[in-house]
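Asker: one predicted model, sequence on top.
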2 protein chains.
Amino acid sequence: MSAPAFGFDLLASDGAARRGRVTTAHGVIDTPAFMPVGTAATVKGMTVEEIAATGAQIVLGNTYHLMLRPGAERMARLGGLHDFMSWRKPILTDSGGYQVMSLADLRKIDEDGVTFRSHLDGAAHALTPERAVEIQGLLDADISMVLDECTPFPASEAVAAESMRRSMRWAARCRAAFKARPGTGLFGIVQGGVYPDLRRESAAALMEIGFEGYAVGGLAVGEGQEIMFQVLDDTVPALPQDKPRYLMGVGKPADIVGAVLRGIDMFDCVLPTRSGRTGQAFTRHGTLNMRNARHMEDTRPIDPECPCPTCALHSRAYLRHLFQADEMLGPILLTRHNLHYYQQVMSGLRAAIEGGRLGDFAARFALDEARGDVAAG
Amino acid sequence: MSAPAFGFDLLASDGAARRGRVTTAHGVIDTPAFMPVGTAATVKGMTVEEIAATGAQIVLGNTYHLMLRPGAERMARLGGLHDFMSWRKPILTDSGGYQVMSLADLRKIDEDGVTFRSHLDGAAHALTPERAVEIQGLLDADISMVLDECTPFPASEAVAAESMRRSMRWAARCRAAFKARPGTGLFGIVQGGVYPDLRRESAAALMEIGFEGYAVGGLAVGEGQEIMFQVLDDTVPALPQDKPRYLMGVGKPADIVGAVLRGIDMFDCVLPTRSGRTGQAFTRHGTLNMRNARHMEDTRPIDPECPCPTCALHSRAYLRHLFQADEMLGPILLTRHNLHYYQQVMSGLRAAIEGGRLGDFAARFALDEARGDVAAG
């Protein structure tokens, strides 16, 4: 069976928002889509069966972690990331650049790329645009990302411009180095900080190179929702209609709803998984801290209307007990709920766009979140 | 729907070995049976769906942990342990005595019972025979255990005799205090160290009191398999045929096979779960350390003939990676495999007894274990 060509179909739209479908070697992704983060070849605490049961059609793998352990060439010998983690659906990998800057030691950036020492064993590594796409090929990614420089926030316009232009030169080198296997694609990343002219210049530069999709990078770095939405308002209209658009590292459910309203198709974020491990539950009515003593004898589930297996089987009192007792099952059950909730939001967004009622959906979503705990209602 | 009466049916036997069925308020237990340990209202790292999928028909809860957190009266208000952890099948609880001696601080034993301070917050608690069975009732146990004194090992015959006789007086108090709810039972515990006369005296004392089942206690405390089997040879023939027999805290698969040959029906042990968390896999051909570097590029499952979901989906290389990376999914997947393996051993034992070929089964089991890693075969 030959893999289908990588592609994007725009199925419906509602204002700037789009309902689409990405086709890859390992299956389709209905957009707007949320991608759980599977850093080290595992979405922490979740079996692949459970990930699929949440409705997720794609997961994200982190190149930085995987190039260090088990290593890119070893991963290729083992059949690639799909085989390795036994996830048969699409995978997007990042370029590794962001984690190099946040996790590695003794990093050094120049025009060629970045050199660093592993945070695991101190071994020296280099990541160039060419090596970043080579590694992602070895990992068997359906969607690879260009290596870009992470512009600090805040940055002056001059600094943001210089950084963005280097990223555009790297993007061209990534494109040249990318060996497309059937059903795979390479996404460019728009940079330019909070400066509309730079964002538009970056978008134009990427479109001139040509990619299978376009990401908006450099956000969710502390700028706040208002500035993030402003950057999207400035940037998204400059992107092509016929390619998927991916907002990297975002975000809270309300961030996602606002970004979908502005024309974004794909998202990833550690929030539902990381919060699941620390005891924070996401619900229609905002977040709950499951460690709170008020749950001690509360026999209701997190949300009685949530169809996830955690809410079908388990009480707040039990979840609170598991977190108090430091039992693994607490993070497992709460991660499962949070990922189900995120996928419910995405599925609600897709249905609302199809029905031409996204405005109503977004207004209702905002009111529900403002209402506070389900239990108070 | 009224609960069935607690009972034991002997379905078949092969030498001293028995194939039976225990009936409880929450369902039946096919014996010989292995009970996964669910200390703090959770079998560590396993969802209740996954526990049931291993074939387990009963889990064990630890009274010591649960009386401290969430507390026995609170557990009763929350509907009991079945509701609390959402496990709808039978539950056996221990009496708390063993963990008081191994975990609590400032413990003091006298004829009335034991007082101690919680290892969690230092609060003072008391456990008498009467309170131990009351707590197990509050937890909603299908099978409750008498409070006994843990005889040290090694112990002189005089020390073992004194300790055993106190345990027998406590057993009578437990029996008097036990308020049987429909479908529940109380098990006595034979003590007496390594001394055949004391074991027989203890068995006779318990039978005089009368229990729904009889446990053999004070083993798996460092005495070794040979002495353990000798104590079983001395003790089991003194127990009634028409009641279930439970060997507490045992053991390795080979211990279980040997004890079934000697007429034991029920087992519990932390080995498959604890080993699953530390990286040790149980297989037909002995144990494997999944952290070992030799698994680094081994794409085979732990055991290609194992029908568990871990072996169906995941390679040794992946499991090794997860343990190296300290990922929760490693303990999750390996615990799942180990519990499946233990249940496969039990199901093999049950079928062998039914078929009158337990001797062949045990011989084959010993040869297989001696052979070493599946991969070598």
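Answerer: Happy to help now that I have it.
Asker: how far does the helix or strand hosting residue A:318 sit from its chain's centre?
Answerer: If you go by DSSP states H and E, residue A:318 is part of helix A:316-324. Centroid separation for helix A:316-324 versus its chain: 29 Å, with CA atoms, centre = their mean, to the nearest Å.
Asker: buried ones in it?
Answerer: Residues of helix A:316-324 classed as buried by neighbour count (16 or more other CB atoms under 10 Å in any protein chain shown): A:316, A:317, A:318, A:319, A:320, A:321, A:322, A:323, A:324. Backbone N, C-alpha and C define where each C-beta goes, glycine included.
Asker: does the fourth one touch residue A:292 like I think?
Answerer: No - when contacts are counted by CB atoms under 8 Å, residue A:319 is not listed as touching residue A:292 (10.6 Å).
Asker: thinking again about what came up before, now check the helix holding residue A:318, is it near chain B?
Answerer: Yes - in terms of CB under 8 Å from any CB of the partner chain, part of helix A:316-324 sits within range of chain B, namely A:317, A:318, A:321, A:322, A:324.
Asker: can you put these in CSV and add pLDDT?
Answerer: Shown next, in CSV, are those (pLDDT from 0 to 100):
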residue, pLDDT
A:317, 98
A:318, 98
A:321, 98
A:322, 98
A:324, 97
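Asker: re the thing from before, and which of the buried residues of helix A:316-324 is nearest to residue B:171?
Answerer: residue A:321 (31.3 Å; CB to CB).
Asker: these two touch, right, the closest one and residue B:68?
Answerer: No - Residue A:321 is not in contact with residue B:68 according to CB under 8 Å; the separation is 11.5 Å.
Asker: show me what stretch A:56-63 is in contact with.
Answerer: A:27-30, A:33-41, A:43, A:51, A:81, A:87, A:89-96, A:99, A:132, A:135-136, A:139, A:141-143, A:268, A:339, A:343 (CB atoms under 8 Å, 6 or more residues apart in numbering or on different chains).
Asker: filter these down to the buried ones, PyMOL style.
Answerer: Under the burial definition 16+ other CB under 10 Å, those of those that qualify are selected in PyMOL by:
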select buried, chain A and resi 28+29+30+33+34+35+36+37+38+39+40+41+43+51+81+87+89+90+91+92+93+94+95+96+99+132+135+136+139+141+142+143+268+339+343
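Asker: for the stretch 101-250 of chain A, which spans come out with low pLDDT?
Answerer: Along the stretch 101-250 of chain A, no part satisfies pLDDT under 70.
Asker: just want the residue of it that's nearest chain B.
Answerer: Distance from chain B to each residue of the stretch 101-250 of chain A (CB to the nearest CB) is smallest for residue A:120, at 9.1 Å.
Asker: these two touch, right, that residue and residue A:69?
Answerer: Yes - here residue A:120 reaches residue A:69: they are 6.4 Å apart, a contact under CB under 8 Å.
Asker: grab the nearest non-local neighbour of residue A:241.
Answerer: residue A:10 (6.8 Å; CB to CB, 6 or more residues apart in numbering or on different chains).
Asker: enumerate the residues of the stretch 101-250 of chain A near chain B.
Answerer: Checking the stretch 101-250 of chain A against chain B by CB under 8 Å from any CB, there are no hits.
Asker: all strands for the stretch 101-250 of chain A, in order.
Answerer: For the stretch 101-250 of chain A, strands defined by DSSP state E, counting those that start in this stretch occupy the ranges A:105-110, A:113-117, A:124-127, A:143-145, A:185-190, A:213-216, A:245-247.
Asker: closest to residue B:201 out of the ones you listed?
Answerer: Among the strands of the stretch 101-250 of chain A, the nearest to residue B:201 by CB to CB is strand A:105-110 (67.7 Å).
Asker: give the buried residues for that closest one.
Answerer: residue A:109.
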